[in-house]
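Q: model this:
(one chain, ligands or ions: 1)
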Amino acid sequence: MIPWGLTPLLSCRDLRFAWDGRRDVLVLPHFDVARGERVFVCGPSGSGKSTLLGLLAGVGVPREGRVVLLDTVLSGLSSAQRDRFRADHVGYVFQQFNLLPYLGLVDNVLLGCAFSARRTACAALHGTPRAEAERLLAALGLDAAPLRRRSVAALSVGQQQRVAAARALIGSPELVLADEPTSALDAEARDAFVALLLAECRRNGSAVVFVSHDLALARHFDRIVRLPAPARAEAA
Ligand SMILES: Nc1ncnc2c1ncn2[C@@H]1O[C@H](COP(=O)(O)OP(=O)(O)OP(=O)(O)O)[C@@H](O)[C@H]1O
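A: Reported below is the predicted structural model:
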């Protein structure tokens, strides 16, 4: 339920999704996110957390039910239209980061707005997209000049994660999705990363849906949503 007084950004109703067309791996009657809200999604392994993020981003469409983001029904768009819509409105931090090793840090971040005139224009509001990429990297703790000259492949996991977060944040997408981005870090680094990510989201007005097994991180968020364990019969 969206807290009273907040404007809805995302609204999901009666979602059912099956990878093989038969067995539902996700059944979710109701999931809403308000503008600027910070939602923590947890649940046992296999409960469909990553699958849910894919549906919210319009990577896949539900077998039943609907995902409405910014008043747009995602399943009413073609696959190419969903790709464009995602590029404009959704920043995604993947578990494995998906950085391009042959590009530097700033160019990896710029990929976040490369396919979106809207995000490019937002990133240029106070200068140029490159200056905004540099500001984001610095805000996330990656401002040392020698570090910036390295290949992203030569960065630590925590540093790669910050580049991936900056790429998701550039151009102020309305919705930021993060799929277990802290799983390889120790507790202190996890907390520091989440605090930085959420501070930048607040600055941009972006809502966040953050998936993690680590309940210690839940205290940073406005709300927790727990997905149930996959049903035994369904898991067979
Ligand atoms: N690309 C895919 N093709 C077929 N089945 C898939 C695919 N991705 C996930 N699944 C299945 O869908 C179910 C839900 O997977 P999902 O990754 O969404 O769960 P999760 O809660 O994110 O799990 P974890 O916490 O282990 O990452 C699992 O049974 C998984 O095997």
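Q: Only C-alpha atoms from now on, for both contacts and neighbour counts.
A: Will do.
Q: Name the SS class of the spatially most central residue of the chain, please.
A: Of all residues in the chain, the one closest to the mean position by C-alpha atoms, centre = their mean is residue 177, 1.4 Å from it. For residue 177, the assignment made with DSSP: H, G, I helix; E, B strand; the rest coil gives strand.
Q: correct me, but residue 53 touches residue 180?
A: No - checked against C-alpha atoms under 8 Å, the pair residue 53 and residue 180 is beyond contact range at 11.0 Å.
Q: got the contact list for the residue lying closest to residue 168 once chain neighbours are set aside?
A: Residue nearest to residue 168 in three dimensions, not counting chain neighbours: residue 91, with 4.0 Å by C-alpha to C-alpha, 6 or more residues apart in numbering. By C-alpha atoms under 8 Å, 6 or more residues apart in numbering, the contact set of residue 91 is 112, 167, 168, 169, 173, 175, 176, 177.
Q: Okay, strands next: where are they in this structure?
A: With DSSP state E as the criterion, the chain has strands at 8-17, 26-34, 38-42, 64-69, 72-73, 90-93, 175-179, 207-211, 223-226.
Q: quick one: strands adjacent to the fourth one?
A: The sheet places strand 64-69 alongside strand 8-17 (antiparallel), strand 72-73 (antiparallel), with pairing taken from DSSP bridges.
Q: Just send those back as JSON lines, with mean neighbour count, mean pLDDT and distance to residue 215 too.
A: Output for the strands paired with strand 64-69, formatted as JSON lines (neighbours: other C-alpha atoms under 10 Å; pLDDT from 0 to 100; distance: least, C-alpha to C-alpha, whole Å):
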{"stretch": "strand 8-17", "mean neighbour count": "19", "mean pLDDT": "95", "distance to residue 215": "24"}
{"stretch": "strand 72-73", "mean neighbour count": "14", "mean pLDDT": "96", "distance to residue 215": "32"}
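Q: Turn those strands into JSON lines, including distance to the ligand.
A: Output for the strands paired with strand 64-69, formatted as JSON lines (distance: least, C-alpha to the nearest ligand atom, whole Å):
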{"stretch": "strand 8-17", "distance to the ligand": "9"}
{"stretch": "strand 72-73", "distance to the ligand": "21"}
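Q: just so I know, which of those lies nearest residue 145?
A: strand 8-17 (38.0 Å; C-alpha to C-alpha).
Q: which other residues reach the closest one?
A: Here strand 8-17 has contacts from 2, 24-35, 61-71, 174, using C-alpha under 8 Å, 6+ apart.
Q: Also compute the angle for it relative to strand 26-34, please.
A: 180 degrees (axes from the mean of the first three to the mean of the last three C-alpha atoms, to 10 degrees).
Q: Report the contact partners of residue 89.
A: With C-alpha under 8 Å, 6+ apart, residue 89 has these contacts: 119, 173, 174, 175.
Q: Closest to residue 45 out of the residues you listed?
A: residue 175 (23.9 Å).
Q: May I ask you to confirm that that closest one is in contact with residue 210?
A: No - Residue 175 lies out of contact with residue 210 (C-alpha under 8 Å); the separation is 10.7 Å.
Q: next one: stretch 182-198 to chain centre, how far?
A: 15 Å (C-alpha atoms, centre = their mean, to the nearest Å).
Q: send the alpha carbons of it over as PDB?
A: Extracted in PDB, the C-alpha atoms of stretch 182-198 (Å, rounded to 0.1, in the frame of the first residue of the first chain):
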ATOM      1  CA  THR A 182      25.800  -5.800  -2.200                       C
ATOM      2  CA  SER A 183      26.100  -9.500  -2.000                       C
ATOM      3  CA  ALA A 184      29.900  -9.600  -2.400                       C
ATOM      4  CA  LEU A 185      30.700  -6.900   0.200                       C
ATOM      5  CA  ASP A 186      31.300  -7.000   3.900                       C
ATOM      6  CA  ALA A 187      28.600  -5.500   6.200                       C
ATOM      7  CA  GLU A 188      30.300  -2.100   6.600                       C
ATOM      8  CA  ALA A 189      30.800  -1.600   2.900                       C
ATOM      9  CA  ARG A 190      27.200  -2.700   2.200                       C
ATOM     10  CA  ASP A 191      25.800  -0.100   4.600                       C
ATOM     11  CA  ALA A 192      28.000   2.600   3.200                       C
ATOM     12  CA  PHE A 193      27.000   1.700  -0.400                       C
ATOM     13  CA  VAL A 194      23.300   1.700   0.400                       C
ATOM     14  CA  ALA A 195      23.500   5.000   2.200                       C
ATOM     15  CA  LEU A 196      25.300   6.600  -0.800                       C
ATOM     16  CA  LEU A 197      22.900   5.100  -3.300                       C
ATOM     17  CA  LEU A 198      19.800   6.300  -1.400                       C
END
